[in-house]
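Undergrad: Following is a predicted model, sequence given first.
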Amino acid sequence: MKTAALVPLEEYLNTTYNPDCDYVDGEVLERNVGEQDHSDIQSELVHFFRTRRRTWKARAYVEQRVQVVARRFRIPDVCVVVGESPKIRSSTSRPSSASKCSCRGILTKACRTASTTT
């Protein structure tokens with residue numbers, strides 16, 4: 001069984017990946033960025049939330065690096081923050097406790113096929 005080389009957190013945070021990668025307990029994980037149907041759904045979701053930004057006090061972000069716990073960073077397709085606007089200055093900034101954050105990945109048929117063949 002092949003083992004992944006562990007990458008220090010600071011190295012991950014200071015490296016540019018194209019496309020951006022998730023970071024889970026020292027492992028840098030490639031993401032399936034999807035194709036046209038995936039992009040279309042992503043755009044529709046962001047548009048849906050952005051048109052309701054003032055009413056719901058919600059902000060939608062696309063592929064924003066999110067720190068979920070100390071050594072885990074994920075890049076969700078869409079991240080919606082409800083509450084006060086987060087002051088995101090770096091990839092390690094997190095929404096305040098007054099905000100609620102929901103991050104979602106979009107799984108299309110093409111995504112499921114790609115994840116089972118790799």
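TA: Thanks, I have the structure now.

Undergrad: doesn't residue 75 make contact with residue 22?
TA: Yes - with contact defined as C-beta atoms under 8 Å, residue 22 reaches residue 75; the gap is 6.0 Å. (Each C-beta comes from the backbone N, C-alpha and C, glycine too.)

Undergrad: Between those two, which contacts overlap?
TA: Common neighbours of residue 22 and residue 75, counting by C-beta atoms under 8 Å, 6 or more residues apart in numbering, are residue 31.

Undergrad: Out of the two, name the residue with the larger neighbour count.
TA: Remark: of residue 22 and residue 75, residue 75 carries more neighbours, 22 against 19, as counted by other C-beta atoms under 10 Å.

Undergrad: Which residues are in contact with that one?
TA: 20-22, 31, 63-66.

Undergrad: between the residues you listed, which is nearest residue 7?
TA: Distance to residue 7 across those (C-beta to C-beta) is lowest for residue 21, with 9.6 Å.

Undergrad: Counting by contacts, list what the helix ranked longest in the chain packs against.
TA: In the chain, ranked by residue count with DSSP state H as the criterion, the top helix is helix 36-50. Where contact means 3 or more C-beta pairs under 8 Å, 6 or more residues apart in numbering; DSSP states H and E, helix 36-50 is packed against strand 58-62, strand 78-82, helix 109-117.

Undergrad: The second one to strand 58-62, inter-axis angle?
TA: Right, strand 78-82. Between strand 78-82 and strand 58-62, the angle comes out at 160 degrees (axes from the mean of the first three to the mean of the last three C-alpha atoms, to 10 degrees).
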